[in-house]
Every structure is written in structure tokens, then in C-alpha cells.
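In: Give me the fold of what follows.
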Amino acid sequence: MAVDSGIGFQVIATEGAARAGILFTAHGAVPTPAFMPVATHGALRAFPHHELKEAPILLANTYHLYLRPGIEILTQTQGLHAFMGWHRAILTDSGGYQVFSLASHRTLSEEGVLFKSHIDGSRHLFTPEKVVEIQRVIGSDIQMVLDVCPPYPAMAQEMQEALYLTHTWAQRARKTFLENPTACGYPVQQFGIVQGGVDLELRKFSYETLRPLDFEGWAVGGLAVGEPPELRLPILHLMGQILPPEKPRYVMGIGTPTDILEAIAAGMDMMDCVLPTRNARHGLIYTLEGVIAIRNAAFRRDFTPLPPWGYTRAYVHHLFKVADPLAFTLATAANLHFFLLLVQKAREHILQGTFYAWKAEIISTIRERIQNKTLYSE
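Out: Numbering: from 1, shown residues only. I've put the predicted structure just below:
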């Protein structure tokens with residue numbers, strides 16, 4: 001598999017805070033804004049990733065890959081790219097979100113996080129250094145540092161402890177990464193994670209503490225954990241103002257189509273979320289008319305074709321009714337196509353200088369018709 005030695009980031013156009021750029025990785029260029037489909041275990045749920053021609057980058061998870069298939073298998077295959085047959089870019093989360101979501105199965109200390117496997121109850125220790133080494137074996141092009149993602153709302157002491165560990169771990173992770181900033185023989189990048197909940201001053205403090213580490217990119221963590229949008233937006237706009245303009249900005253775990261457009265408007269470059277795949281399996285399909293519940297009887301005779309493959313809504317409705325697994329694949333294809341097309345169109349409008357006018361128009365047409373109560377985790 002041919003790889004490129006050139007890595008980095010370039011902003012090629014701006015409109016207000018919104019940016020269009022190119023993230024260069026050893027496995028190809030990623031036009032931004034970019035939505036990263038979530039392949040937690042190295043696979044998109046119910047969808048063959050060789051068909052995902054519109055996506056230049058996927059997200060996988062260090063915690064899950066460490067447990068299964070395990071480091072031994074990934075070492076033998078020389079990384080996740082070869083193991084899953086994906087030759088474009090991969091970003092790996094550090095397992096920090098699992099620190100948050102598996103609260104009853106873990107213990108935090110300055111050394112790292114001690115956790116019980118959700119599979120067999122075995123005990124494991126993730127240190128910042130170990131997470132860097134695991135991601136080297138995985139071979140991800142963009143690697144996240146181990147952090148603590150506090151819940152919403154968090155008590156002041158809990159937030160302070162989370163920030164202390166996040167900052168201390170980031171320094172150790174950066175030192176380990178810079179000793180060998182490669183994986184599987186090619187150059188890779190490491191992103192730092194700014195935490196601080198919905199407190200603007202804590203967010204400033206977190207970034208200023210981490211800024212000397214000079215990561216290749218920056219992530220905004222700790223959002224999409226239950227906070228209301230009116231508290232989330234000021235954080236995104238602050239991050240768009242203070243994060244270095246020459247570095248890529250990744251807001252983690254966001255979100256709905258509206259969330260994505262608001263993040264782009266605030267100056268974010270990269271997003272990920274499980275909603276396209278998770279909601280597809282529940283028969284919820286994203287369209288320009290909003291979210292449709294394809295199981296509903298109204299679609300029994302709706303012969304409107306669903307992109308990208310043209311199967312009709314009536315046919316997909318039928319597949320759900322007869323419990324054919326193909327229903328999941330076709331619904332997932334439609335949702336991934338919608339999310340990837342959305343950010344592609346956003347990029348085109350930034351390049352044309354028409355993003356904000358387009359955003360105002362498109363948001364009014366894609367407002368979800370049903371209350372979306374699904375989770376932001378796979």
C-alpha cells in the first residue's frame with residue numbers, strides 16, 4: 001500500500017469563522033469540513049466500507065480495538081488499514097470517552113485509568129504512554145491523547161480533577177509521541193483535547209495550559225454529553241476564536257445535521273457521530289425533508305428513490321417489516337450519503353462565499369420532524 005510522507009493542514013478559504021481546508025495524511029488528503037463515519041471496531045455497522053466512496057477518513061476506537069481483535073493481531077497485520085482493507089485515513093479516539101461512559105467499571109488515578117473489560121471483566125490499565133503505543137500499533141493517521149471527559153453537569157471539584165488529569169496526561173502523551181511520531185513506517189499526527197465543560201473560562205484555561213505542547217491538531221472534547229445547545233454554541237465559537245488558525249480543529253461526538261452546520265459556522269473542521277449508522281438501524285433516515293421513520297405505514301407505497309443507490313422508500317420499508325438485514329445496509333447507506341454530502345456542500349459554499357446564507361436556508365429544511373432521543377455513542 002503506497003503512503004505519502006507529507007502531512008499537515010492548509011486552510012484554502014474562509015467565510016467568517018467557517019473554513020475550507022485540506023488535511024494531509026499519509027493515506028491521502030482529507031478535504032475539510034469533514035464528517036468522519038464511526039467504525040468503532042474497525043467496521044461500519046451493517047455497511048461494507050469499500051462502498052463508502054465519499055469518505056476520505058473514518059474514526060475507530062482504541063479501547064475497543066485493544067480488547068478485540070487485540071494488539072497481537074494488529075501487529076501481525078501491520079495495522080488497522082491492512083486488517084480492514086481501508087486505504088484512506090483513520091483517526092482513533094484514545095478511549096477517553098470510555099473513561100466517561102464506563103464510570104462503574106473504572107478507577108482514575110494520576111498514573112492512568114484502571115478499567116474492567118465490558119467483555120469478560122478482565123482488568124486493564126491505560127496510561128497516556130500506553131495509549132500512544134497502542135495507537136502506533138493500530139497505525140492511525142491521527143491519534144488522540146488520553147483524556148478525562150467529565151459528565152454534564154459536573155461538580156466543580158470533579159471538573160477540576162478532570163482537567164488536572166487531562167492536562168497531566170497530555171504532557172506525558174506528547175512526550176511519548178514525539179520520541180517516535182510514526183506508526184507502521186509512516187508519519188502520523190497527534191491531536192490534543194481541550195476540556196472544561198460549558199464554562200468559557202475553564203475552556204480558555206485548558207487551552208492555555210495545553211498550548212505549549214504544540215499538537216498537530218486540536219480537539220474540543222466534552223460536548224454532546226447532555227448539555228443543551230444554547231450552552232454548547234458559545235464554547236464552539238470560543239474555540240473557533242482561540243485555537244490556532246493554522247491547525248485543524250475537531251469537535252468530538254457532534255452530531256445532528258444542525259449541530260454539524262453550527263460547528264462549521266463556529267470554525268470547526270472535523271466532526272464525528274454515530275447517528276447516521278445507529279439511527280439507520282432503527283429505521284430513521286435523514287433527508288432534506290427531515291428525519292423520516294421508514295417503518296411507518298405512510299411509506300408502504302412511497303416509491304421515491306433513496307440515495308445513493310436508488311432503492312425506493314417502499315422497498316426499504318418492506319425490508320424492515322420482514323426483518324431482512326439488508327434494510328440496515330440500505331438505510332445506513334442513505335444516512336452516510338446524506339451526512340457526507342452535507343459537509344461537501346458546506347465546503348463548496350464556503351469556497352463560493354455563500355455558506356451562511358445557504359446554512360440558514362438548509363437548516364430550515366432539515367429540521368428533524370421527530371424528537372431525536374438517541375445516544376451519541378456506539
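In: and Gly139, how many neighbours does it have?
Out: By the criterion of other C-beta atoms under 10 Å, Gly139 has 25 neighbours. In short, each C-beta sits where N, CA and C put it, glycine included.
In: can you check Ala170 too?
Out: That count, for Ala170 with other C-beta under 10 Å as the rule, works out to 24.
In: Can you tell me the SS state at it?
Out: helix (DSSP: H, G, I helix; E, B strand; the rest coil).
In: can you check Leu351 too?
Out: Applying three-state DSSP: Leu351 is helix.
In: With Ile362 as the reference, measure out to it.
Out: Going from Leu351 to Ile362 by C-beta to C-beta, to the nearest Å gives 16 Å.
In: Settle it for me: which of the two has more neighbours?
Out: Ile362 (17 against 14).
In: quick one: contacts for that one?
Out: For Ile362, the contact set (C-beta atoms under 8 Å, 6 or more residues apart in numbering) comprises Leu261, Leu288, Leu342, Lys345.
In: Specify which member of those residues is nearest to Trp86.
Out: Among the contacts of Ile362, Leu342 lies closest to Trp86 (C-beta to C-beta), at 22.0 Å.
In: now the contacts of Ile362: which count as buried?
Out: Buried by 16 or more other C-beta atoms under 10 Å: Leu261, Leu342, Lys345, out of the contacts of Ile362.
In: circling back: reformat the contacts of Ile362 as TSV; add distance to His167, secondary structure and pLDDT.
Out: As requested, those are exported to TSV (distance: C-beta to C-beta, whole Å; DSSP: H, G, I helix; E, B strand; the rest coil; pLDDT from 0 to 100):
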residue	distance to His167	secondary structure	pLDDT
Leu261	31	helix	97
Leu288	43	coil	86
Leu342	34	helix	97
Lys345	37	helix	98
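In: what's the most distant pair in the residues you listed?
Out: Leu261 and Leu288, at 13.2 Å, using C-beta to C-beta across the contacts of Ile362.
In: Point out where this protein drops to low pLDDT.
Out: 1-2, 99-100, 367-378 (pLDDT under 70).
In: Quick check: nearest residue in space to the residue lying farthest from the centre of it, chain neighbours excluded?
Out: Most distant from the centre of the chain: Arg301, at 35.9 Å, with distances by C-alpha atoms, centre = their mean. Of all residues not flanking Arg301 in the chain, Ala314 sits nearest, at 5.9 Å (C-beta to C-beta, 6 or more residues apart in numbering).
In: The one you found sits in which helix or strand?
Out: For Ala314, the element it lies in under DSSP states H and E is helix 313-321.
In: How much space separates the most centrally placed residue in the chain from Val38?
Out: Residue closest to the average C-alpha location in the chain (C-alpha atoms, centre = their mean): Asp272, at 2.7 Å. The spacing between Asp272 and Val38, counted by C-beta to C-beta, is 6 Å.
In: Can I take it that Arg19 is in a strand?
Out: Yes: membership of Arg19 in a strand is supported by three-state DSSP.
In: what is it paired to in the beta sheet?
Out: Thr14 (DSSP bridges).
In: right, and it touches Ala346 too?
Out: No: using C-beta atoms under 8 Å, Arg19 is not in contact with Ala346; the gap is 10.3 Å.
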